[in-house]
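**Q** Next come a sequence and a model predicted from it.
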Amino acid sequence: MTTRTAAQRRTESRLSYQARFTACPANRLIERLGDKWVAVLLNELADGPRRYGDLARAIAGASQKMLTETLRHLERDGLISRTVTPAVPVRVDYALTDLGRSLLPVMAVMKQWAEQNIDRIDSAREEYDARDH
């Protein structure tokens, strides 16, 4: 029987925790929804399909690179679809999938909670920052 050091036990414990964290469906979803432009994009697509240019204008704070990356991630996750229509110029439309639409009520509840509680969070932050640490 081999004896493990405390450092080895901590490493094993950390790796075990990371594996559980990575496998947790809620953590995986929160990681995606926590991306900076995801909520804004889902909200923009809630009313129907939009062209890339329309999304870029509506989300002026996002760089072209970040907007494209976020759209690709959402498409990969099955939350949006991308339709290319051959034309001059090529037309690319993005739309929520059924799975993406099923997420809208969850996002609405999160938005409502945030609106109801942001003042309390801001106050707590101010109190925390005012204390000596």
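**A** Ah, there it is.
**Q** how about low-confidence regions in this protein?
**A** For the chain, residues meeting the criterion pLDDT under 70 lie at 1, 19, 21.
**Q** ok, which stretches of it are strands?
**A** Secondary structure of the chain, counting by DSSP state E: strands at 50-51, 80-85, 91-96.
**Q** Which stretches in the chain count as helices?
**A** 6-23, 25-33, 38-45, 52-58, 64-76, 98-130 (DSSP state H).
**Q** Could you check how far the shortest one is from the centre of its chain?
**A** Taking C-alpha atoms, centre = their mean, to the nearest Å, one finds helix 52-58 lying 19 Å from the centre of the chain it belongs to.
**Q** by contact count, what packs against that helix?
**A** helix 38-45, helix 64-76, strand 91-96 (3 or more C-beta pairs under 8 Å, 6 or more residues apart in numbering; DSSP states H and E). No exception for glycine: its C-beta is placed from N, CA and C like everyone else's.
**Q** Name the residue closest to the centre of the protein, please.
**A** Leu33 (2.0 Å; C-alpha atoms, centre = their mean).
**Q** separation between that residue and Thr70?
**A** 11 Å (C-beta to C-beta, to the nearest Å).
**Q** Count the neighbours of the residue nearest to the residue nearest to the centre of the chain when sequence neighbours are not counted for me.
**A** Leaving aside its sequence neighbours, Leu33 sits nearest to Ala39 (C-beta to C-beta, 6 or more residues apart in numbering; 6.7 Å). By other C-beta atoms under 10 Å, the residues close to Ala39 number 15.
**Q** so Ala39 touches Val106, yeah?
**A** No. In this structure Ala39 lies outside contact range of Val106 using C-beta atoms under 8 Å: 10.6 Å.
**Q** Of the strands of the chain, which is nearest Arg4?
**A** Between Arg4 and the strands of the chain, the shortest gap by C-beta to C-beta is with strand 80-85, which sits at 47.1 Å.
**Q** tilt between that closest one and helix 64-76?
**A** Inter-element angle recorded for strand 80-85 and helix 64-76: 110 degrees (by axes from the mean of the first three to the mean of the last three C-alpha atoms, to 10 degrees).
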